[in-house]
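A.B. asks: make a model of this:
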Amino acid sequence: MERDFTLKIYTELLETALRKGYTLSAYENFVRGEITNSKVYILRHDVDDLPYNSVRTAEIEKSLGGRGVYYFRIVKQSNVPDAIEKIAAMGHEIGYHYEDLALCHGNYEKAYEQFLSNLEYFRKYYPVKTICMHGSPMSKWDNRKIWDKYDYKSSNIIAEPYFDTDFNKMFYITDTSRHWNGSSYSIRDKVDGLQANISSTRNLIDQLKSGMLSNQIMMNIHPQRWHDNIAGWGKELILQSTKNVVKKMISTNK
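C.D. replies: Below is the predicted model of the structure:
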C-alpha cells in the first residue's frame, strides 16, 4: 500500500500540476497580478514545526522552477533563522504566520504591538508583503479577529489569504490534520467556496490529471507532515492522530 504524505508523492503532485499547465506560484505574485498564465497553483506552506522539513519542500519546488510562500511562526519550533535564510535564498516568499491574539490571551492592544514587532523581525530576512493567521486550535482566540480593530494594510501588507482571496474562483485545499480538507478535524482552517472531495494525495493527482479542478488552486501544506523517512513519517502519523481526537472534540463542542 502506498504511503501518503511523503516527499516522493509531493514531488509527483507538483510535476503533475506542471504537466497540466499550471504555474507554481507564491501568493504575493498572484496578488500583484504578476502571473500571466490562466492556470495558477499557489504553493502555500504553514511552517508550524520542523522548519528543516520546509527547506526540503523548498528545494523540491525550486528544482521544478516553482516558487512558494512560507509562513513562519514567531515561536521557537518554527522560527529558526538558518531555515528561514535558506528558504529565502532559494527565491521563495517569506511571510508571517501570526498568532498574536492567542499568545496575548485576547489583549488586542498588546497583540497588535507584538504583531508589529514580529513583522519587523521577519522583515530582516525578507520584505514581507503577505501574512497568514495561525489557527491556534487549542486557543479560544481566533487570530483573525485582531483585524476587527486594526488594519494590516497600514503595515505595508498587501494581502492575507483568508481575507483577500476569492475562494469562489480559487479552489483551496489543505492538509490540516493530515487529511485533505479534513473539515471534521479543522478548527479554523476552513473557507467558503469551491469544493471537491479529495481522499488522498494520489486522488488529488488523479483529479489534476483528469482536469476536474479549477484553473486557480491554492494548496496549503504543513511540511512537518511530509517525510520519506519511515521513522519521521510514523511519528507524525501518531502525533497528528492523537491531536485529531482532541481537535474533533473541540470542534464538536463549539
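A.B. asks: now stretch 138-145 - C-alpha only, PDB.
C.D. replies: Written as PDB, here are the backbone C-alpha positions of stretch 138-145 (Å, rounded to 0.1, in the frame of the first residue of the first chain):
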ATOM      1  CA  MET A 138      -6.200  24.900  21.400                       C
ATOM      2  CA  SER A 139      -6.900  28.600  22.000                       C
ATOM      3  CA  LYS A 140     -10.300  30.200  22.200                       C
ATOM      4  CA  TRP A 141      -9.000  33.200  20.300                       C
ATOM      5  CA  ASP A 142      -9.300  33.400  16.600                       C
ATOM      6  CA  ASN A 143      -6.200  35.300  15.500                       C
ATOM      7  CA  ARG A 144      -8.000  36.900  12.600                       C
ATOM      8  CA  LYS A 145     -10.200  38.900  15.000                       C
END
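A.B. asks: quick one: the helices in the stretch 1-150 of the chain, in order.
C.D. replies: Secondary structure of the stretch 1-150 of the chain (DSSP state H, counting those that start in this stretch): helices at 7-19, 27-31, 51-63, 81-89, 100-103, 108-122.
A.B. asks: in contact with the residue lying closest to residue 204 once chain neighbours are set aside, which residues?
C.D. replies: Distance criterion CB to CB, 6 or more residues apart in numbering; nearest residue to residue 204, sequence neighbours excluded, is residue 198 at 5.0 Å. Any C-beta I mention is one placed from the backbone N, CA and C, and that applies to glycine too. Taking CB atoms under 8 Å, 6 or more residues apart in numbering, we find residue 198 in contact with 173, 180, 181, 204, 207.
A.B. asks: rewinding a little: any idea which of the helices of the stretch 1-150 of the chain gets closest to residue 159?
C.D. replies: helix 27-31 (4.4 Å; CB to CB).
A.B. asks: that older thread, need the winner for burial among the helices of the stretch 1-150 of the chain.
C.D. replies: Each of the helices of the stretch 1-150 of the chain was scored by mean neighbour count; the highest is helix 100-103, a mean of 24, by mean count of other CB atoms under 10 Å.
A.B. asks: hmm, who's touching that helix?
C.D. replies: 74, 108, 111-112, 114-115, 118, 134, 136, 139, 141-143, 145-146.
A.B. asks: for residue 127, state which of those is nearest.
C.D. replies: residue 118 (15.1 Å).
A.B. asks: from what I can see the closest one touches residue 96, true?
C.D. replies: Yes - in terms of CB atoms under 8 Å, residue 118 counts as a neighbour of residue 96; the distance is 6.3 Å.
A.B. asks: so what sits against both of these two?
C.D. replies: Common neighbours of residue 118 and residue 96, counting by CB under 8 Å, 6+ apart, are residue 74.
A.B. asks: alright, that wraps it up for me.
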